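Colleague: Here's my sequence, what's the structure:
(4 chains)
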Protein chains: 2
Amino acid sequence: MSRPITPLGLTVLRMLCGGPMHPYEMQQRIRDHAYDHAVKITHGALYHTVERLAASGLIEPMETSREGRRPERTVYAVTAAGRDTAHMRMSDLLAKPAEEFPLLGTALAFVNLLPETEALVQLRAREVALESLLAAHQTAHEALLKRGLARHKLLDQEWTITRVRGELEFVRGLAGDLEAGRLTWEDDDSVTACHPDHERDEPVAEETTRP
Amino acid sequence: MSRPITPLGLTVLRMLCGGPMHPYEMQQRIRDHAYDHAVKITHGALYHTVERLAASGLIEPMETSREGRRPERTVYAVTAAGRDTAHMRMSDLLAKPAEEFPLLGTALAFVNLLPETEALVQLRAREVALESLLAAHQTAHEALLKRGLARHKLLDQEWTITRVRGELEFVRGLAGDLEAGRLTWEDDDSVTACHPDHERDEPVAEETTRP
DNA sequence: GTTGGATTAGTCTGAGTGGACTAATCCAAC
DNA sequence: GTTGGATTAGTCCACTCAGACTAATCCAAC
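Modeller: A predicted model of the protein is given here:
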């Protein structure tokens, strides 16, 4: 109880704000609305999340119906507490930038594990992948706009496109610098790290401003 | 066994590429190198990760020393397999953009749970937060550069700065559009979702291009 | 008409994580 | 000199999640 609602939890609440529903129906609607581009949904997690929300009184089982001899379906509805919680969590998510740890950051932190030439190859590969990703997202976005979908339903897609574009530019810059020799590390003494008999890296040490 | 090395796992391998070490020392060095800005490190996870890596033969315990009557310290070293794995994982991380689910995306997907005025307030709050975050990162970055730290050790910080700047611009744009009325949702019939007796949202449906 | 693939609906398990807890030692201030 | 807070070092548990598994039903093609 009381730890912040997970993205999937918020999604369930959001779905139930559209009327009572059983978990499987949520999953379908989530796919229909393409919410699964903004939130990681897996089958197992969904049911578990629903259970948790029910346990903390944010949603309530209404009835358990059954069609033929298929497994029982439990239909849930949001409670008032659920609405409030969703509301608060939304405000929080919007207002407070969270510390996140994108994988590219991790990779960049340890990039000197690879020789420069190899890093360059991999970065160029990423560039290509990002280009086609960007194109795909843009095409999809335009298609939906032309279909007359309201903009507010596509904000997450706008954000994704912006992010991918930003990453692409960054990666291009890096690859360019590497290629032009404006960025190097193999001549750095402290980077014998991949081989035995290394010298220790000098630490970054006393950060004056930890944000 | 055999599922991809986690960021923390890679970090451990990276540390041990700098010579044998016990977990606690890793933690310190990680902090010294500010790697904890790029990878989420918690105390508990570290020991667990070390155990896992040892179990799959990527690292090996060397000796268990003890100073005074303090708990035993087990010193680990990378194996050849460990080096190879780290190398491959690095290539992968660099080359393949991963599907990630930043919280802002989630928030934007459900933004119509809030009334426009409130969304605007929260977005403005985020703007302020992002501004000071950006300033802090930039100050830290410049300080380290002036100290003569090689650029390749600050790439993850460069990336963070780029990301935050991108987010700031995006959020500013959104807030501006909201304020100017170029972005609205309260007049949208399908968004009675927060109240009982709703009309269902129309689905996004058949996406032609799923990237 | 029956074989087999998609859909409907849900359970179970193992892996990974965060935070709380233990416990000894060092050092600085009172 | 002793009290208390930081540091050193590590264990443990509860929570969460992803993916594998179950199992019934529908429908289309052969």
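
Colleague: Hmm, residue A:46 is touching residue A:29, no?
Modeller: No: taking Cβ atoms under 8 Å as the definition, residue A:46 is not a contact partner of residue A:29, at 11.7 Å. In this view, the C-beta of every residue, glycine as well, is placed from N, C-alpha and C.

Colleague: buried stuff in the longest helix along chain A?
Modeller: Counting residues, the longest helix found in chain A (DSSP state H) is helix A:116-146. Across helix A:116-146, burial judged by 16 or more other Cβ atoms under 10 Å in any protein chain shown covers A:116, A:119-127, A:130, A:133-134, A:136-138, A:140-141, A:144.

Colleague: Can you spell out which helices and strands pack onto that helix?
Modeller: In terms of contacts (3 or more Cβ pairs under 8 Å, 6 or more residues apart in numbering or on different chains; DSSP states H and E), helix A:116-146 is packed against helix A:155-179, helix B:80-95.

Colleague: Of all those helices, which one is nearest DNA strand C?
Modeller: Of all these, helix B:80-95 sits nearest to DNA strand C, with 12.7 Å by Cβ to the nearest atom of the strand.

Colleague: contacts for that closest one?
Modeller: A:103-104, A:106-107, A:110-111, A:113-114, A:118-119, A:121-123, A:125-126, A:129, A:194, B:4-5, B:10, B:13-14, B:16-17, B:53, B:57-59, B:78 (Cβ atoms under 8 Å, 6 or more residues apart in numbering or on different chains).

Colleague: Could I get the average pLDDT for it?
Modeller: Here helix B:80-95 scores 95 as its mean pLDDT.

Colleague: hmm, the helix or strand following that helix touching chain A?
Modeller: Next helix or strand after helix B:80-95 toward the C-terminus (DSSP states H and E): helix B:103-109. Yes: Helix B:103-109 reaches chain A (Cβ under 8 Å from any Cβ of the partner chain) through B:103, B:104, B:105, B:106, B:107, B:108, B:109.

Colleague: Mind exporting the C-alpha coordinates of helix B:103-109 to CSV?
Modeller: Taking Å, rounded to 0.1, in the frame of the first residue of the first chain, the C-alpha atoms of helix B:103-109 are listed here in CSV:
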residue,chain,number,x,y,z
LEU,B,103,7.0,8.4,-17.7
LEU,B,104,6.3,11.7,-19.5
GLY,B,105,5.0,9.6,-22.4
THR,B,106,2.6,7.8,-20.1
ALA,B,107,1.4,11.0,-18.6
LEU,B,108,0.8,12.6,-22.0
ALA,B,109,-1.2,9.6,-23.2
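
Colleague: what packs against that helix?
Modeller: Contacts defined by 3+ Cβ pairs under 8 Å, 6+ apart place helix B:103-109 against helix A:7-16, helix A:80-95, helix A:155-179.

Colleague: buried residues in it?
Modeller: Buried residues in helix B:103-109 (16+ other Cβ under 10 Å): B:103, B:104, B:105, B:106, B:107, B:108, B:109.

Colleague: can you pull the contacts of residue A:178?
Modeller: Taking Cβ under 8 Å, 6+ apart as the test, what residue A:178 contacts is A:116, A:119, A:120, A:123, A:184.

Colleague: just to revisit the earlier point, tell me which of the helices and strands packed on helix B:103-109 sits most buried.
Modeller: Each of the helices and strands packed on helix B:103-109 was assessed for mean neighbour count using mean count of other Cβ atoms under 10 Å in any protein chain shown. The highest is helix A:7-16, with a mean of 25.
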